[in-house]
Every structure is written in C-alpha cells, then in structure tokens.
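**Student:** coordinates for the following, if possible.
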Amino acid sequence: MSLFPLLETGDTALTGSGQLPLAREIAWDFQKDRPRWEGGRPVYVTGAEAVLVWALNALHTGRGEHDVFTWEYGQDLAELTGQPYSDGIRQSEAVRRVREALLVSPYIEDVSQVSVNFEGSTLFLTCRIKTIYGEVAMDGAGIAL
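**Tutor:** This next block holds a predicted model:
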C-alpha cells in the first residue's frame, strides 16, 4: 500500500544495461506554483521536460531544508543575502551555486549561459540546460531567497 496512492513511483536506479530510466515527473504549472491535474489525476511529463521540472523544483528547494531530500538536492542561494558582497561577486557566486545545484542530476550534462538578476529577495534566473535528451531553456525563473 502506498502512502500516496494517486502518485505512481518510478524506479530511479540504473537499469540492468547501465542506462538511466526515462526521466518522469509530474507536470508543474510554475505560473500558479502547483502540479497540473486532468480528470482528477496528475499529468506526467517525460524526457527533457521532466528534467526541466526537476531542475526548477530543485532550485525552489533550499539545500538541507527538508529531511526527505538528500543533502545534495536543492540550492544554497539564501546564504548570499545579507552578506557584504559586491554585486559582481554575488552574481558570480549565484551562477556557481546554480550550476552546482543542477549538475547533481545524472540527467543533466551541462548548464550554460547562466544569467542571474537579484531583485530584493528574489533571484531571477535564465540558463540553458543540456540534458541527456537534448537542450532545454529556463527563462526568467524567479527563486525566492
């Protein structure tokens, strides 16, 4: 019996052939900040779109914030607020931390063209993510710090 009977769990371990299983996530409506549902069931996405959903969720989760996740999952961008860093150092450090947070996924090969902009306590992020399925773009994602 599953704790969450409506959600199907996938196997994230390597397959017998040494390859990763197809990435699969619940589709997320980032404008409304909630999962997408149709007909009373969650909508699933696979491949590069699933990796993008994973990446956005990882960036919206503070590292070590929830016991359910490993220490490698999430980001530690909140540590950049309230520090006496110059704007250039704060931006370059944010870029490094974003890349570090995303590259823990075995489905992500590279994170490039990372651009960050701080507006108050929100970081706006644009980047290109090279997944094992192809490239996806993250445009203007807002991350509360």
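
**Student:** gap between Thr70 and Ser112?
**Tutor:** Distance of Thr70 to Ser112, computed by Cβ to Cβ, to the nearest Å: 25 Å. Where you see a C-beta, it was placed from the backbone N, CA and C, and this is true even at glycine.

**Student:** mind listing what the most centrally placed residue in the chain touches?
**Tutor:** Residue closest to the average C-alpha location in the chain (Cα atoms, centre = their mean): Ala55, at 1.8 Å. By Cβ atoms under 8 Å, 6 or more residues apart in numbering, the residues touching Ala55 are Leu102, Ser105, Ile108, Ile129, Met138.

**Student:** ranking those by neighbours, who comes first?
**Tutor:** Using other Cβ atoms under 10 Å as the neighbour criterion, Ile129 leads the contacts of Ala55 with 25 neighbours.

**Student:** who's that residue bridged to?
**Tutor:** Ile129 has these beta-bridge partners by DSSP bridges: Val111, Val136.

**Student:** only the buried residues of the helix of greatest length in the chain, if you could.
**Tutor:** Using DSSP state H to define each element, the chain has its longest helix at helix 87-102. Buried residues in helix 87-102, defined by neighbour count with 16 or more other Cβ atoms under 10 Å: Arg90, Gln91, Glu93, Ala94, Val95, Arg97, Val98, Ala101, Leu102.

**Student:** wait, isn't Leu22 in contact with Val45?
**Tutor:** No. With contact defined as Cβ atoms under 8 Å, Leu22 does not count as touching Val45 (10.7 Å).

**Student:** quote the end-to-end distance of stretch 125-140.
**Tutor:** Start-to-end span of stretch 125-140 (Cα to Cα, to the nearest Å) is 5 Å.

**Student:** quickly run through the sheet partners of the least confident helix or strand in the chain by mean pLDDT, with directions.
**Tutor:** The least trusted helix or strand in the chain, going by mean pLDDT, DSSP states H and E, turns out to be strand 28-29, with a mean of 87. Within its sheet, strand 28-29 is paired with strand 34-35 (antiparallel), according to DSSP bridges.
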